[in-house]
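[1] sequence-free structure coming up:
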């Protein structure tokens with residue numbers, strides 16, 4: 001029975017070498033994970049134990065440990081299988097135990113793996129293995145003469161050719177299962193394999209769909225160098241039945257490498273081996289290695305795509321919040337009108353109306369003015385979907401006070417939220433149009449608090465998200481959401497169940513219990529009161545308390561990121577200076593008098609002490625940037641309004657490996673290709689632009705029919 005993070009000296013050594021960190025750091029992280037600590041907790045509150053490793057490295061230690069444990073489990077299964085066959089030798093067991101990867105392990109196991117009824121198995125059943133062994137030695141025999149001895153009508157061998165064919169089938173399988181052969185060819189495939197794609201002939205009614213892949217009808221390039229997005233596109237075309245894909249190096253080069261291993265001379269036996277070799281490559285090795293390297297390339301492409309998606313989600317979750325403002329949120333629409341909701345400063349729904357700006361403009365203006373006056377509205381959020389620019393123009397024509405900001409809000413996923421269980425639970429008596437408008441308003445107020453209610457995959461950022469490994473994608477997104485939630489911190493008395501679920505150590509059940517307790521007993525007055533929540537044990541309290549905030553608490557530290565386990569330390573700092581904690585927080589000059597080295601002990605070192613002092617400077621600080629209002633060009637509302645050479649302000653909506661998509665306010669995002677992002681070479685767009693970043697772009701080309709807008713940021 002394996003513990004998920006059990007300690008293994010070989011694992012520790014391998015991970016430390018791979019990540020270029022010490023064995024002690026790896027051991028400390030694995031020990032903490034074993035004890036139930038989360039990545040955010042370890043990174044923030046156990047710096048002395050880990051040598052101040054960040055979340056990225058801690059996550060890598062965790063993931064590498066899991067992979068190694070999976071390899072160990074597979075080794076056990078392989079050894080058990082070989083042992084049951086009575087073929088396990090000390091040498092073979094040593095080979096299995098020393099295998100450093102799943103690929104090497106499977107190569108070792110291949111000859112012992114249970115197979116379907118192959119040509120070689122049939123030949124062996126006919127008694128042709130001795131003939132195969134004799135031929136493979138490639139000594140001075142006459143294969144035809146030896147084969148005559150194996151003619152046996154009862155066994156189905158009626159001719160010399162049939163006997164030789166059976167022997168070659170056995171030799172072909174030996175060559176396929178030879179570890180050196182597979183390893184040599186694998187290297188060749190990994191370094192020199194060419195991926196080619198061709199158009200597959202399909203029915204005429206599928207022409208429009210297949211045109212999506214016209215770039216790949218006659219395509220070839222080195223598999224090693226193919227960009228992730230291109231490989232995923234080609235594989236999607238293959239999966240949908242539009243492309244024929246093949247992966248292989250030069251067949252001549254591959255055959256030469258196998259011949260070096262298996263051909264000993266130019267004898268008649270060697271000629272038979274060569275025939276078997278060609279058959280082995282074409283029938284067994286090439287298809288097997290093609291599948292293997294394509295799987296590896298797909299995994300690599302998945303990793304890149306998942307990182308792109310995860311980085312985008314992280315940036316979106318970290319979007320600056322407008323804060324606690326009374327908001328009027330509008331979900332625009334032509335035919336069905338605009339859905340308008342008034343929200344108070346905490347996001348609670350106050351009133352809902354439906355207006356028709358196009359048909360009943362005067363009435364609609366009156367309704368908007370009335371809501372603004374009635375609820376002292378401070379900001380207006382407009383969803384960026386259909387009719388958004390027309391709605392924005394309408395609102396700006398009303399003549400509202402300049403103090404009321406009008407913001408276009410990305411509404412991706414709002415419709416999914418409005419039909420979700422979460423929305424039904426929040427607004428059981430409201431229809432989806434009201435729920436969607438509320439979501440738009442809350443996104444402006446606090447993007448993080450609202451977006452955590454959605455499956456991150458529905459937010460609309462990333463590339464080829466449905467083509468990558470969904471389990472790995474989900475794990476990566478969960479890590480990203482948890483990281484952001486805990487870095488920002490969560491208000492214990494206003495947080496939803498969804499955001500509490502992502503707090504370190506909590507999860508859905510404890511989150512529900514916190515909401516239940518809050519409903520029954522009123523707002524939490526201290527972090528210590530958390531211990532009264534059902535199933536909130538000591539470990540869960542330890543993991544979560546530092547990331548939960550209580551505004552205006554009696555103990556000012558309860559609103560900070562200082563962990564309760566360090567309250568006595570802060571109290572001692574204040575006491576040593578002869579002042580209160582409140583004064584210590586307010587007075588920078590007094591904080592400068594703290595000599596950190598005086599408070600170092602076995603558990604607490606300078607990294608934690610520096611974090612504490614930094615937090616005292618601004619308790620509960622929000623790491624997100626300050627909100628800045630953004631406005632699209634007033635006279636550019638549709639693609640028809642665009643002209644080549646125009647310079648416009650826009651907002652980055654998505655970053656991919658091949659560039660960035662930018663919303664310029666015309667209902668169709670434009671693409672800034674990676675080559676157009678800057679005057680200098682850009683290898684990774686994510687290092688240059690981020691989702692939600694405000695940028696200036698120039699229109700390069702417009703294809704209204706295909707709905708494609710090409711943009712450039714060069715020289716701007």
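    Perfect, thanks for sending it. In this text the structure is predicted, and so the values were computed from the model without any measurement. Numbering: from 1, shown residues only.
[2] going forward, measure contacts between C-alpha atoms and count neighbours the same way
    OK.
[3] ok, the nearest residue to residue 166 once chain neighbours are set aside to residue 156 distance?
    Ranked by CA to CA, 6 or more residues apart in numbering and with sequence neighbours excluded, the top spatial neighbour of residue 166 is residue 123, at 4.9 Å. As judged by CA to CA, to the nearest Å, residue 123 and residue 156 stand 10 Å apart.
[4] Compare those two and say which is more crowded by neighbours.
    Neighbours per residue (other CA atoms under 10 Å) separate residue 123 from residue 156, with residue 123 holding more: 23 against 11.
[5] didn't the residue nearest to residue 166 look like it was pressed against residue 129?
    Yes - taking CA atoms under 8 Å as the definition, residue 123 is a contact partner of residue 129 at 7.3 Å.
[6] overlap in contacts of the two?
    Common neighbours of residue 123 and residue 129, using CA atoms under 8 Å, 6 or more residues apart in numbering, are 167, 170.
[7] Okay, and the residue nearest to residue 101 when sequence neighbours are not counted sits in which element?
    The shortest distance from residue 101 to any non-neighbouring residue, by CA to CA, 6+ apart, is to residue 71 (7.1 Å). Per DSSP states H and E: residue 71 is located in helix 55-84.
[8] Okay, buried residues for that helix please.
    55, 57-59, 61-62, 64-66, 68-69, 71-72, 74-75, 78-79, 81-82 (16 or more other CA atoms under 10 Å).
[9] Next secondary structure after it?
    helix 90-98.
[10] Read off the pLDDT value for the residue nearest to residue 101.
    pLDDT, residue 71: 93.
[11] contacts for the helix or strand hosting residue 543?
    Counting by DSSP H and E, the element that carries residue 543 is helix 538-544. Applying CA under 8 Å, 6+ apart, the contact partners of helix 538-544 are 36, 37, 38, 41, 503, 504, 505, 506, 530, 531.
[12] Check the gap between the first one and residue 46 for me.
    Spelled out, that is residue 36. From residue 36 to residue 46 the distance is 13 Å (CA to CA).
[13] what is the mean pLDDT for the helix holding residue 543?
    Mean predicted confidence for helix 538-544 is 96.
[14] Let me know the secondary structure of residue 408.
    Secondary structure assignment for residue 408 (DSSP: H, G, I helix; E, B strand; the rest coil): strand.
[15] do the same with residue 654
    Residue 654 - assigned by three-state DSSP - is strand.
[16] for it, what are its contacts?
    Residue 654 touches 312, 460, 461, 462, 660, 661, 662, 690, 691, counting by CA under 8 Å, 6+ apart.
[17] now it: how far from residue 416?
    In this view, residue 654 and residue 416 are 19 Å apart by CA to CA.
[18] Residue 308 too?
    22 Å.
[19] And the two? Which one has more around it.
    Higher neighbour count among residue 308 and residue 416: residue 308, with 23 against 15, using other CA under 10 Å.
[20] one step back: out of the contacts of residue 654, flag the one nearest to residue 233.
    The shortest approach to residue 233 among the contacts of residue 654 belongs to residue 462, at 13.7 Å (CA to CA).
[21] Now the closest one: closest residue in space, sequence neighbours ignored.
    Using CA to CA, 6+ apart, the nearest residue to residue 462 is residue 309, at 4.0 Å.
[22] could you say which helix or strand contains the one you found?
    helix 286-317.
[23] Give the buried residues for that helix.
    Residues 286, 289-290, 292-294, 297-298, 301-317 are the ones in helix 286-317 that count as buried (16+ other CA under 10 Å).
[24] do stretch 537-545 as well
    So for stretch 537-545, counting by 16+ other CA under 10 Å, buried means 540, 541, 542, 543, 544, 545.
[25] Widest-spaced pair of these?
    540 and 545 (8.2 Å).
[26] and for the two, which residues touch both?
    In contact with both residue 540 and residue 545: no residue, using CA under 8 Å, 6+ apart.
[27] what residues are up against the closest residue to residue 446 other than its chain neighbours?
    Sequence neighbours aside, residue 321 is the residue nearest to residue 446 in space, at 4.6 Å (criterion: CA to CA, 6+ apart). By CA under 8 Å, 6+ apart, the contact set of residue 321 is 443, 444, 445, 446, 447, 624, 626, 627.
[28] among those residues, which ones are buried?
    Here, 16+ other CA under 10 Å leaves 443, 444, 445, 446, 447 buried among the contacts of residue 321.
[29] what sits against the third one?
    The reference is to residue 445. Residue 445 sits next to 321, 322, 323, 324, 325, 327, 347 when contact means CA under 8 Å, 6+ apart.
[30] Same check on the last one?
    Counting by CA under 8 Å, 6+ apart, residue 447 makes contact with 316, 317, 318, 319, 320, 321.
[31] In terms of helices and strands, where is the fifth one?
    Taking DSSP H and E as the definition, residue 320 sits outside all helices and strands.
[32] in the stretch 501-650 of the chain, which spans are helices?
    Listed in chain order, the helices of the stretch 501-650 of the chain (DSSP state H, counting those that start in this stretch) span 508-521, 538-544, 567-577, 581-586, 588-592, 606-617.
[33] want to throw those into TSV with distance to residue 162?
    Written out in TSV, the entries for the helices of the stretch 501-650 of the chain read as follows (distance: least, CA to CA, whole Å):
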stretch	distance to residue 162
helix 508-521	66
helix 538-544	71
helix 567-577	85
helix 581-586	91
helix 588-592	92
helix 606-617	76
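[34] and residue 355, which of these is closest to it?
    Across these, closest to residue 355 is helix 508-521 (CA to CA), at 35.4 Å.
[35] how about the most centrally placed residue in the chain, what does it touch?
    Taking CA atoms, centre = their mean, the centroid of the chain lies closest to residue 306, which sits 3.5 Å from it. Residue 306 makes contact with 462, 465, 468, 472, 473, 476 under the criterion CA under 8 Å, 6+ apart.
[36] same check, this time on residue 156
    Per CA under 8 Å, 6+ apart, neighbours of residue 156: residue 126.
[37] Roughly how far does it sit from residue 122?
    Where residue 122 is concerned, residue 156 sits at a distance of 10 Å (CA to CA).
[38] swap in residue 425?
    63 Å.
[39] Likewise for residue 210?
    Distance from residue 210 to residue 122, by CA to CA: 43 Å.
[40] who's more crowded, these two?
    The residue with more neighbours, out of residue 210 and residue 122, is residue 210; 20 against 14, by other CA under 10 Å.
[41] How about the more buried one, nearest residue that isn't a chain neighbour?
    Closest to residue 210 by CA to CA, 6+ apart is residue 242, at 5.9 Å.
[42] if we can go back for a sec, and the two most separated of the contacts of residue 654?
    The most widely separated members of these are 460 and 690, with 14.4 Å between them, by CA to CA.
[43] could you give the mean pLDDT of stretch 304-312?
    90.
[44] how distant is that stretch from the center of its chain?
    Stretch 304-312 has its C-alpha centroid displaced from the chain centroid by 5 Å (CA atoms, centre = their mean, to the nearest Å).
[45] What residue spans form the domains of the chain?
    9-112, 119-306, 327-445, 485-617, 639-712 (automatic domain parsing).
[46] average model confidence for the third one?
    The average pLDDT for domain 327-445 rounds to 91.
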